[in-house]
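J.: sequence first, predicted model second:
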Amino acid sequence: MVQLLTAGMILQSFGVYFVHFQEQFGWSRTQISAAFSIQQLETGIFGPIQGWLFIKFGPRKVVTVGIIIAGIGLMMLSRIQNLWQFYIAFTAVAIGVSLGGFMAMIATIANWFEKKRSRAMGIAMSGMAVGGLLVPAMAWSMDAYGWRSTAFGSGVLLILAGVPLGQLMRRSPEDYGEVPDGAAADSTDEDETAESTSLELNFTAMEALRTRVFWYVSFGHASALLVVSALMVHLVPFVVERLEYSTATAGTVVTLMTAAMMVSQVGGGALGDRVNKRYALMVCLMGHAAALFGMAFATNIWLVALFAMLHGASWGARVPIVISIRADYFGRKSYATIMGFSSMIMTMGMMTGALFTGFVTDRTDDYTLAFAILATLSALGSLLFLVSSPPPLPERLQRTARLRSDQRQA
């Protein structure tokens with residue numbers, strides 16, 4: 001639900017705000033896209049800190065504070081009069097969304113599930129897809145009541161609905177006498193549970209950073225986000241400017257995209273528990289690339305809708321798998337911190353895709369070149385997952401495994 005609120009009222013609706021900002025302030029595509037890039041820069045810089053906050057204070061406190069900050073940021077957004085105020089307000093929104101949304105949620109899911117982790121990620125993150133269904137309502141609200149009233153109301157609603165939801169977050173099953181996947185930690189099994197925990201695959205953050213696969217997965221993820229950020233910011237302006245449709249029609253295209261995302265997110269999660277995640281991720285990135293490349297040359301609304309749905313399906317299937325593969329490779333204990341460091345690299349994709357598209361389109365007055373270049377980079381990035389084999393155990397875990405083996409033989 002928290003993902004639904006932040007995605008529907010902030011992330012997925014950014015393109016609708018984009019059109020209204022252009023109309024009222026006359027800002028360029030680059031200037032508006034820069035706000036989205038600032039948001040992603042904040043996520044990258046503070047990613048490791050967010051992971052530490054999650055481990056130190058738990059998801060309940062972190063999510064609650066994040067939601068309040070994001071809500072206040074939206075209220076600030078409703079009062080902006082110039083570009084620097086826009087950047088400050090959106091930075092506040094960015095900090096809140098980072099603390100109250102993605103990072104806390106995926107770290108919590110990684111702690112609670114192992115056997116069906118990808119499926120659990122898919123179900124949990126479907127909130128982001130469902131949030132996209134709110135985009136037509138956001139577009140209607142901005143047309144009917146103005147973007148300022150919509151931003152202020154969104155901030156109030158986010159706080160009123162999000163804070164109670166944040167209280168439902170729980171750090172880990174061990175805090176409640178359970179183990180991952182819902183099994184009870186009976187006292188008769190305490191010795192066995194303790195032994196399995198000691199042998200559990202758990203890299204430290206520094207150990208993960210020393211592996212090649214950490215960098216392969218992180219940069220592969222970043223290449224997918226080139227496409228995600230480009231369309232998250234520019235899909236609505238693309239439909240309005242190139243095809244000359246209304247923001248309401250553009251919102252419908254976003255709805256179709258997120259509907260495809262919602263279906264594939266659950267299906268992709270289930271698939272990720274059954275197939276080799278590396279190959280599944282390669283296919284997803286090729287889907288991203290094909291969708292954006294096709295959209296670059298699309299000349300009617302039906303083709304745009306078709307390619308938007310392909311992008312949504314690729315996005316939805318990819319997300320739970322690319323999140324779960326890190327937990328599969330590096331374990332649960334330091335997952336939040338590892339994801340925080342990885343987000344510093346992923347952010348490069350989210351920052352670059354939207355800003356590059358705005359910059360190139362301002363100079364060519366057309367989206368074709370920017371979309372085609374980003375699609376090519378995403379296709380090349382898919383190859384990184386081909387070489388993303390599981391990492392070797394760090395020496396510390398190898399010694400533990402040898403010691404346990406010697407004890408059993410004795």
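T.: Great, that's in hand.

J.: helix, strand, or coil at His221?
T.: At His221 the chain is in helix, as set by DSSP: H, G, I helix; E, B strand; the rest coil.

J.: ok, now how distant is it from Thr337?
T.: 17 Å (C-beta to C-beta, to the nearest Å). Quick note: C-beta positions are derived from backbone N, CA and C, even for glycine.

J.: ok, the two, which is more surrounded?
T.: Per other C-beta atoms under 10 Å, whichever of His221 and Thr337 has more neighbours is His221, with 27 against 23.

J.: show me the contacts for that one.
T.: Contact analysis of His221 by C-beta atoms under 8 Å, 6 or more residues apart in numbering lists 322, 342, 345-346, 349.

J.: next one: it relative to Ala313, how far apart?
T.: Look at His221 and Ala313: by C-beta to C-beta, they are 18 Å apart.

J.: sorry, back to before: just the buried ones among the contacts of His221, please.
T.: With neighbours counted by 16 or more other C-beta atoms under 10 Å, these contain buried members at 322, 342, 345-346, 349.

J.: what about the residues you listed, which are in helices?
T.: 322, 342, 345-346, 349 (DSSP state H).

J.: format these as TSV; extra columns: pLDDT.
T.: TSV is the format used below for those (pLDDT from 0 to 100):
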residue	pLDDT
Val322	89
Ser342	90
Ile345	91
Met346	90
Gly349	92
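
J.: hmm, Leu201 and Glu114 touching each other?
T.: No: using C-beta atoms under 8 Å, Glu114 is not in contact with Leu201; the gap is 9.9 Å.

J.: poorly predicted segments of the stretch 51-200 of the chain, please.
T.: Residues of the stretch 51-200 of the chain that meet the criterion pLDDT under 70 lie in 51, 101-104, 106, 115-118, 121-122, 124-129, 171-178, 181-200.

J.: rerun at 90
T.: 51-64, 66, 90-91, 94-137, 139, 161-200 (pLDDT under 90).

J.: can you show me the helices along it?
T.: Applying DSSP state H, counting those that start in this stretch to the stretch 51-200 of the chain gives helices spanning 59-77, 83-100, 102-112, 117-132, 135-145, 147-166, 190-199.

J.: what's the closest of those helices to Gln24?
T.: Between Gln24 and those, the shortest gap by C-beta to C-beta is with helix 147-166, which sits at 7.9 Å.

J.: ok, and what's touching that closest one?
T.: Contacting residues not belonging to helix 147-166 are listed as 1-2, 5-6, 9-10, 16-17, 20-21, 24, 60, 63-64, 67-68, 70-75, 77-79, 100, 138, 141-142, 145 [C-beta under 8 Å, 6+ apart].

J.: go on, stretch 292-309?
T.: 227, 230-231, 235, 238-239, 243, 245, 249, 253-254, 256-257, 259-260, 290-291, 310-311, 367-372, 374-376, 378.

J.: ok, 6 Å please
T.: 227, 243, 253, 256-257, 260, 291, 368, 371-372, 374-375 (C-beta atoms under 6 Å, 6 or more residues apart in numbering).

J.: for stretch 348-367, same thing?
T.: Stretch 348-367 is touched from outside by 28-30, 33, 36-37, 40-41, 222, 225-226, 229-230, 233-234, 238, 369-370, 374, with contacts defined as C-beta under 6 Å, 6+ apart.

J.: how far is stretch 370-390 from where the chain is centred?
T.: Relative to its chain's centre, stretch 370-390 lies at 17 Å (C-alpha atoms, centre = their mean, to the nearest Å).
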